[in-house]
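Peer 1: any chance you can model this:
(one chain, ligands or ions: 1)
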Amino acid sequence: MQAQTMSVEEFVAGWISGAVGLVLGHPFDTVKVRLQTQTTYRGIADCMVRIYRHESLLGFFKGMSFPIASIAVVNAVLFGVYSNTLLLLTATSHQERRVQPPSYMHIFLAGCTGGFLQAYCLAPFDLIKVRLQNQTEPRAQPGSPRPRYQGPMHCAASIFREEGPRGLFRGAWALTLRDTPTVGIYFITYEGLCHQYTPEGQNPSSATVLVAGGFAGIASWVAATPLDVIKSRMQMDGLRRKVYRGVLDCMVSSVQQEGLGVFFRGLTINSARAFPVNAVTFLSYEYLLRWWG
Ligand SMILES: CN(C)C(=N)NCCC[C@H](N)C(=O)O
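Peer 2: Reported below is the predicted structural model:
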């Protein structure tokens with residue numbers, strides 16, 4: 001067996017494919033974050049109509065610039081760590097794994113490792129995204145009230161000034177709990193479906209990659225939604241006054257006030273977003289790796 005070296009292509013492919021998925025999914029993400037953290041909307045349609053009327057189409061793209069800038073790090077870490085952990089566990093490269101598929105246990109462990117490490121890179125960027133997505137003021141119109149944050153840098157600087165460096169990691173613990181197991185589920189679903197529908201030793205077809213990527217997105221986001229709600233609430237906490245003492249307290253008081261259904265807030269929009277975003281993410285990831293040989 002050849003000595004295996006760490007693959008840089010996996011990191012670059014992860015970055016580009018993540019950016020493609022991110023732009024496609026951001027409008028859905030904004031609606032989801034609003035539904036999870038604000039109680040004024042009656043549902044998905046109401047939220048979309050009100051964003052459009054009050055904030056125009058641009059309202060759906062609030063908070064997107066930072067995730068775009070950070071996706072290079074976040075997705076490169078996710079896919080790069082996943083693939084390189086599998087390389088460590090099984091001593092096979094991406095291409096060799098088509099012939100010698102790794103066990104589901106190895107895939108799950110590598111996915112959890114990728115999810116855990118990317119959560120810490122993602123935390124400050126995700127916090128800023130959520131804070132900006134929740135600003136309902138229309139963009140710079142004369143006479144309209146100025147939003148609290150003027151943009152991503154201003155948001156980051158204000159949090160840093162008001163709460164110190166730890167403030168930028170608000171919600172990071174809930175994010176880690178959300179991402180560690182669910183990224184394991186993400187990769188197991190993807191690899192499992194590709195394996196199922198691809199003849200032995202061949203690369204999966206584009207249709208298989210799209211469907212497997214889409215379902216990997218849905219399966220992982222269904223599992224992630226309860227902690228996604230808690231994560232978003234923790235990130236919005238402290239904006240005016242601090243309400244929650246921690247993740248558990250946020251869970252208990254959310255259930256006490258809104259019932260168990262609170263854990264499923266944003267589930268429909270999360271799933272609708274997850275399919276196209278992850279279908280194109282995996283398709284571009286696979287094609288970039290094949291193209292680089
Ligand atoms: C459920 N979770 C946290 C995940 N499946 N994470 C992996 C990446 C997801 C992709 N960037 C997306 O935004 O859907």
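Peer 1: make it CA atoms for all contacts and neighbour counts henceforth
Peer 2: Will do.
Peer 1: report all helices and strands that the helix or strand hosting residue 73 contacts.
Peer 2: Element membership of residue 73, judged by DSSP states H and E, is helix 65-90. Helix 65-90 is packed against helix 8-37, helix 104-133, with contacts defined by 3 or more Cα pairs under 8 Å, 6 or more residues apart in numbering; DSSP states H and E.
Peer 1: just want the angle from whichever helix or strand comes after the last one to helix 104-133.
Peer 2: Just to be clear, that refers to helix 104-133. Per DSSP H and E, the first helix or strand lying C-terminal to helix 104-133 is helix 152-163. Counting by axes from the mean of the first three to the mean of the last three Cα atoms, to 10 degrees, helix 152-163 lies at 90 degrees to helix 104-133.
Peer 1: what residues sit buried inside whichever helix or strand comes after helix 152-163?
Peer 2: From helix 152-163 onward toward the C-terminus, using DSSP H and E, the following helix or strand is helix 172-196. For helix 172-196, a neighbour-count test (16 or more other Cα atoms under 10 Å) marks 172-195 as buried.
Peer 1: restrict these to those near the ligand?
Peer 2: Restricting the buried residues of helix 172-196 to those within reach of the ligand (Cα under 6 Å from any ligand atom) leaves 179, 182, 183, 186.
Peer 1: for these, give me JSON lines that also has distance to residue 132.
Peer 2: Converted to JSON lines, these look like this (distance: Cα to Cα, whole Å):
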{"residue": "179", "distance to residue 132": "22"}
{"residue": "182", "distance to residue 132": "25"}
{"residue": "183", "distance to residue 132": "25"}
{"residue": "186", "distance to residue 132": "27"}
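Peer 1: ok, and what's touching the lowest-mean-pLDDT helix or strand in the chain?
Peer 2: Across the helices and strands of the chain, the lowest-confidence element by mean pLDDT, DSSP states H and E is helix 96-99, at a mean of 82. Residues outside helix 96-99 that contact it (Cα atoms under 8 Å, 6 or more residues apart in numbering): 200, 201, 202, 203.
Peer 1: got the CA coordinates for that helix in CSV?
Peer 2: Extracted in CSV, the C-alpha atoms of helix 96-99 (Å, rounded to 0.1, in the frame of the first residue of the first chain):
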residue,chain,number,x,y,z
GLU,A,96,-9.3,4.3,-3.4
ARG,A,97,-12.4,4.4,-1.1
ARG,A,98,-14.6,3.6,-4.1
VAL,A,99,-12.9,0.2,-4.4
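Peer 1: since that was my last question, I'll sign off now.
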